[in-house]
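Asker: Below is the structure, and that's it, no one-letter string:
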């Protein structure tokens, strides 16, 4: 396996560990803003640590990097706040929120195929089957906890 696969697998494991922690933090009485700050402040610290470790200054790739990166940060911040709200809401729990929130890669793949030229490198039929399985899986998990 190449490095990209390992990084993705390890990231998935960390996201999986974070789900129950988000639920427990939200149900402890921490406000939604507090949850987002508990996520954001360590994220900045990790970014600074990576710059230091790599011996780099801040590099944003010029105006294009900022033009793509700033909305990305806003979108991810809003997404994280909404996931925290899902965990904290009455009836919200890890079993319900994580599978539904984890459909984000589905949207990423669809956008990459449509706009980033990934269609040439993708077996579209397998992508359609995999996408269908993801959506059906999210639906099955949702109905399993709405008793």
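Answerer: Noted; the coordinates are in hand. Source: prediction; values computed, not measured.
Asker: Next one: residue 22 relative to residue 117, how far apart?
Answerer: If you measure residue 22 against residue 117 using Cβ to Cβ, to the nearest Å, the figure is 35 Å. No exception for glycine: its C-beta is placed from N, CA and C like everyone else's.
Asker: Those two: which is more packed in?
Answerer: Legend: neighbour count by other Cβ atoms under 10 Å for residue 22 and residue 117, higher for residue 22 (23 against 10).
Asker: what about the spatially closest residue to that one that is not a sequence neighbour, how many residues close to it?
Answerer: The shortest distance from residue 22 to any non-neighbouring residue, by Cβ to Cβ, 6 or more residues apart in numbering, is to residue 87 (5.1 Å). Other residues near residue 87 number 24, with proximity taken as other Cβ under 10 Å.
Asker: Also residue 74?
Answerer: 10.
Asker: gap between it and residue 137?
Answerer: As defined by Cβ to Cβ, residue 74 lies at a distance of 29 Å from residue 137.
Asker: before we move on, what about residue 105?
Answerer: Residue 105 sits 12 Å away from residue 137, going by Cβ to Cβ.
Asker: Same check on residue 121?
Answerer: When residue 121 is compared with residue 137 (using Cβ to Cβ), they lie 24 Å apart.
Asker: who's more crowded, the two?
Answerer: When neighbours are counted by other Cβ under 10 Å, residue 121 and residue 137 differ, and residue 137 comes out ahead with 13 against 9.
Asker: For the more buried one, what are phi and psi?
Answerer: The phi/psi pair for residue 137 (degrees, to the nearest 10) reads phi -60, psi -40.
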